[in-house]
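Novice: Dropping a prediction and its sequence here:
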Amino acid sequence: MKGETMEVLEAIKTRRSIRKYKTTPVDDKTIEVVLEAARWAPSWKNSQCRRLIVVRDNKVKNQLADVLIGDPTKGLPNRADNAIRTAPVVIVACAELGKSGYNLGKPATDKGDYWYMFDVALAMQNLTLAAHSLGLGTVHVGNFDAKQVAGILEVPAGFCVVSMTPLGYPDEEPEVRPRKELSEIVFYDKYGSR
Ligand SMILES: Cc1cc2nc3c(=O)[nH]c(=O)nc-3n(C[C@H](O)[C@H](O)[C@H](O)COP(=O)(O)O)c2cc1C
């Protein structure tokens, strides 16, 4: 048990966003392991609104990359553009609307419908950590036109696209991105109280 906990913490701390991939294919069994990790994520009332689309068709991957949004201030494409085009697999996370955050068909909290974002994020973070533990790379990608992605993937009404990630063997070892210190983000008993 202790060993398992350490592995999770190590995976959390050593995962990096990977934007350059080898062409080495990812076998179906391995893809299934990471999908399983997503399947076991918790969700609002266990409503499991997430749906995952495994994209392996290069034509579809290019269509997805074409609707990524870049950085308009710098005139640059999305940093994940090439990764979405060239990784052997892209996993697109969708959500069924009207389930997460609902009680008896009505939004239960003042956050309305947005709990589906939370549920999908939990599933996708499980997936990225599981992938990393297997030597695979990922990067959460959120900056794209979700309606256009839904059209490309024929996502039905009542569902929306939340995020996507390339999945494949890393061809880079990115530097660690800095994190705020705990003293900057943690308070005790009252907001602002350190
Ligand atoms: C919600 C969300 C959306 C993101 N969208 C993009 C994106 O569109 N393109 C991209 O290249 N990276 C994207 N990222 C990756 C972040 O830039 C990255 O996680 C952050 O810089 C920290 O780096 P690390 O993952 O290596 O620790 C996104 C991350 C999150 C959590």
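Specialist: Nice, thanks for sending it over.
Novice: just checking, what packs against the helix ranked longest in the chain?
Specialist: The longest helix of the chain (DSSP state H) is helix 115-133. Packing contacts for helix 115-133, counted by 3 or more C-beta pairs under 8 Å, 6 or more residues apart in numbering; DSSP states H and E, involve helix 2-14, helix 28-39, strand 50-55, strand 89-96, strand 159-167. To be clear about C-beta, it is placed using only N, CA and C from the backbone, and glycine gets the same treatment.
Novice: 6 Å - rerun?
Specialist: helix 2-14, helix 28-39, strand 89-96 (3 or more C-beta pairs under 6 Å, 6 or more residues apart in numbering; DSSP states H and E).
Novice: Whatever helix or strand comes next after the last one pairs with which strands, parallel or anti?
Specialist: The reference is to strand 89-96. Using DSSP states H and E, the next helix or strand after strand 89-96 towards the C-terminus is strand 102-103. According to DSSP bridges, strand 102-103 has the following sheet partners: strand 106-107 (antiparallel).
Novice: How far off centre is the partner strand?
Specialist: When C-alpha coordinates are averaged (C-alpha atoms, centre = their mean, to the nearest Å), strand 106-107 and its chain have centres 25 Å apart.
Novice: Name the residues that touch it?
Specialist: By C-beta atoms under 6 Å, 6 or more residues apart in numbering, the list of residues contacting strand 106-107 from outside reads residue 101.
Novice: now do 8 Å
Specialist: By C-beta atoms under 8 Å, 6 or more residues apart in numbering, the list of residues contacting strand 106-107 from outside reads 101, 113.
Novice: ok, now how distant is the closest residue to residue 124 other than its chain neighbours from the ligand?
Specialist: Distances taken as C-beta to C-beta, 6 or more residues apart in numbering put residue 93 closest to residue 124, at 5.3 Å, once the chain neighbours are dropped. For residue 93, the distance to the ligand equals 11 Å [C-beta to the nearest ligand atom, to the nearest Å].
Novice: returning to what we had before: quick one, the longest helix of the chain and strand 159-167 angle?
Specialist: Using axes from the mean of the first three to the mean of the last three C-alpha atoms, to 10 degrees, the direction of helix 115-133 lies 20 degrees away from that of strand 159-167.
Novice: and helix 115-133, does that touch the ligand?
Specialist: No: against the ligand, helix 115-133 shows no contacts by C-beta under 6 Å from any ligand atom, the least distance being 7.2 Å.
Novice: average model confidence for that helix?
Specialist: In this model, helix 115-133 has a mean pLDDT of 98.
Novice: Check which helices and strands the helix or strand that comes right after it sits against.
Specialist: Proceeding N to C from helix 115-133, the next assigned helix or strand is helix 146-153, under DSSP H and E. Packed against helix 146-153 by the contact rule (3+ C-beta pairs under 8 Å, 6+ apart) you find helix 58-66, strand 89-96, strand 159-167.
Novice: Pull the CA coordinates from helix 146-153 and hand them back as PDB.
Specialist: Extracted in PDB, the C-alpha atoms of helix 146-153 (Å, rounded to 0.1, in the frame of the first residue of the first chain):
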ATOM      1  CA  ALA A 146     -15.300  23.000 -29.100                       C
ATOM      2  CA  LYS A 147     -18.200  23.400 -31.400                       C
ATOM      3  CA  GLN A 148     -16.000  22.700 -34.500                       C
ATOM      4  CA  VAL A 149     -14.400  19.700 -32.700                       C
ATOM      5  CA  ALA A 150     -17.900  18.400 -31.900                       C
ATOM      6  CA  GLY A 151     -18.800  18.700 -35.600                       C
ATOM      7  CA  ILE A 152     -15.600  16.900 -36.800                       C
ATOM      8  CA  LEU A 153     -16.200  14.000 -34.300                       C
END
